[in-house]
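Asker: using only what follows, build the 3D model:
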Amino acid sequence: MSVTEMNRQTFASTASSGGDGAVAGPVRGEAEGQIRKLLPAERHLLVDHLLRLDPLSRFMRFGGVVSDAAIVRHANRVVTGNGCALGYFLEGDLRAVAELHPLPKVAGKLSSAEAAFSVERPWQGKGIGSALMRQLVLLAQNRDIEELQVVFLPNNGRMKHLAVNHAADFSVDDEEVVGRVRAPHPTFFSRLREFMGDVAAVWSAAFDLQERTLPPSMRGS
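Answerer: As a prediction, this is how the structure comes out:
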């Protein structure tokens with residue numbers, strides 16, 4: 001195990017010790033990895049991840065056919081807009097992303113945001129989407145967002161399963177399904193968990209960058 005890997009595990013343990021809702025921490029189970037916020041300087045990682053999606057996963061993520069150029073523009077909006085994104089990293093590589101995009105406020109309606117998910121094909125069906133959803137609810141909670149909306153195509157069984165597991169209410173038409181998940185009110189501890197996750201995310205990003213710049217023979221196994 002490299003020094004970089006040992007340092008990453010140390011800070012992941014520190015972040016996750018704040019509770020299940022920490023925004024940076026290890027994912028346990030069949031696919032082990034690290035969930036943390038994406039930093040603006042990591043736009044290229046988001047672009048590369050989205051371009052690696054197989055045609056069906058790309059179609060399901062964006063609800064239709066999109067070009068590579070459109071994906072690059074989307075990634076720019078994610079890291080420079082008023083939303084935020086969480087990434088699932090495995091051995092320093094970004095393999096899944098959850099995005100939170102606040103929606104315009106409407107008088108008499110709950111404050112809401114759209115949630116979007118992308119998981120590369122080899123890592124689908126391993127609980128990564130559910131882990132990302134739990135972390136995304138915490139981000140929404142701390143931004144006074146009362147409702148998360150998950151929009152997906154009617155034949156997207158994985159997204160429907162994800163929404164059902166988080167007690168979503170559904171509305172359906174011929175073109176799309178909208179799952180609505182309520183977020184709790186923010187607390188001192190929820191904000192503290194996110195702060196701890198932010199600190200760990202900066203350290204983890206630095207360690208990942210260091211790992212990518214090392215020769216292959218010196219990287220952690």
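
Asker: list the contacts of V66.
Answerer: By CB atoms under 8 Å, 6 or more residues apart in numbering, V66 lies in contact with R58, H74. Using the backbone N, CA and C atoms, a C-beta is placed for each residue, glycine as well.

Asker: how much space between it and F189?
Answerer: Relative to F189, V66 is positioned 39 Å away (CB to CB, to the nearest Å).

Asker: the longest strand in this protein is where?
Answerer: For the chain, the strand with the greatest residue count under DSSP state E is strand 93-102.

Asker: for it, packing partners?
Answerer: Applying 3 or more CB pairs under 8 Å, 6 or more residues apart in numbering; DSSP states H and E, one finds that strand 93-102 contacts helix 43-52, strand 84-90, strand 112-119, helix 128-142.

Asker: kindly reformat those as CSV containing mean pLDDT and mean neighbour count.
Answerer: Supplementary listing: those in CSV, determined by pLDDT from 0 to 100; neighbours: other CB atoms under 10 Å:
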stretch, mean pLDDT, mean neighbour count
helix 43-52, 96, 18
strand 84-90, 93, 23
strand 112-119, 95, 22
helix 128-142, 93, 22
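
Asker: tell me the pLDDT of S111.
Answerer: Per-residue pLDDT puts S111 at 93.

Asker: next up, the contacts around S112.
Answerer: S112 touches P102, L103, I145, E146, E147, L148, Q149, R180, counting by CB under 8 Å, 6+ apart.

Asker: right, and S204 touches G33 too?
Answerer: No - look at S204 against G33 with CB atoms under 8 Å: they stay out of range, at 11.1 Å.

Asker: great, nothing more from me.
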